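*Asks:* Pasting the sequence and the predicted coordinates here, then a few questions.
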Amino acid sequence: MRPRIVIVAVAAVLGSVAGCGGGGGGPSAPTPSASQRIAVTSTAFTENGTVPRRYTCDGEDVSPPLAFAGVPAAAAELVVVLEDPMAPHGTFTHWLMWGVPPQVTRLAAGESPQDAVQSRNDFKKTGYGGPCPPKGAAPHRYVLSVYAADRKLSLAADASPDDVRGALTGHTLASGTLTGRYGR
């Protein structure tokens, strides 16, 4: 019976490792300390749907309209991260924003709350940078993640995605994602 326990334990560890980063440089999100989920939706596209051109580098390059439901009452702020885990050189960050008041349930297209902090994306610009995969490549997946933090994050304005993840570790009450696709 002992060998079976070891096999089950090894399988559990390998399964958890395989789920981190998808093996292809995908985003590695902090694990919520509770099983609460935030429903993240957009009127612009559905889960795994095509991101309309307006919200990409080929269009107006503005953030899509978003809605959040299920944010815990104890949340101190929300964090929004948009990443392309299929980018040729590893995960590419398109948007990194924190300090979103937890009472915010909707963001209009191109909107960011007044007190929110937007850091530099991997285009080396502050704020949102829409999907922009290489021309001719298969459509990429764009994962928009929303986290509810139990405290206000104390981060420099130029914080990296890793800095934000580190600050969220152990302080995430709930999270949710919305995935879109875009090809050129």
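*Replies:* Yep, that arrived.

*Asks:* Enumerate every residue touching the nearest residue to residue 63 once chain neighbours are set aside.
*Replies:* Distances taken as C-beta to C-beta, 6 or more residues apart in numbering place residue 128 nearest to residue 63, at 4.2 Å, with adjacent residues excluded. No exception for glycine: its C-beta is placed from N, CA and C like everyone else's. The neighbours of residue 128, taking C-beta atoms under 8 Å, 6 or more residues apart in numbering as the test, are 61-63, 82, 94-95, 110, 112, 118, 121.

*Asks:* Just the closest of the residues you listed to residue 48, please.
*Replies:* residue 82 (15.2 Å; C-beta to C-beta).

*Asks:* burial count for residue 77?
*Replies:* 21 (other C-beta atoms under 10 Å).

*Asks:* Pairing partners for it in the sheet, please.
*Replies:* Following DSSP bridges, residue 77 is listed with bridge partners residue 149.

*Asks:* wouldn't it be in contact with residue 104 here?
*Replies:* No: taking contacts as C-beta atoms under 8 Å, residue 77 lies outside contact range of residue 104: 9.6 Å.

*Asks:* what ranges of the protein fall below the confidence cut-off?
*Replies:* Where the chain drops to pLDDT under 70, the residues are 1-35.

*Asks:* thought residue 100 was touching residue 116?
*Replies:* Yes: using C-beta under 8 Å, residue 100 makes contact with residue 116 at a distance of 4.8 Å.

*Asks:* quick one, which of these two is more surrounded?
*Replies:* Neighbour count, other C-beta under 10 Å: between residue 100 and residue 116, residue 100 has more, with 24 against 18.

*Asks:* Could you list everything the more buried one pairs with in the sheet?
*Replies:* Applying DSSP bridges, one finds that residue 100 bridges with residue 78.

*Asks:* how far away is it from residue 79?
*Replies:* 7 Å (C-beta to C-beta, to the nearest Å).
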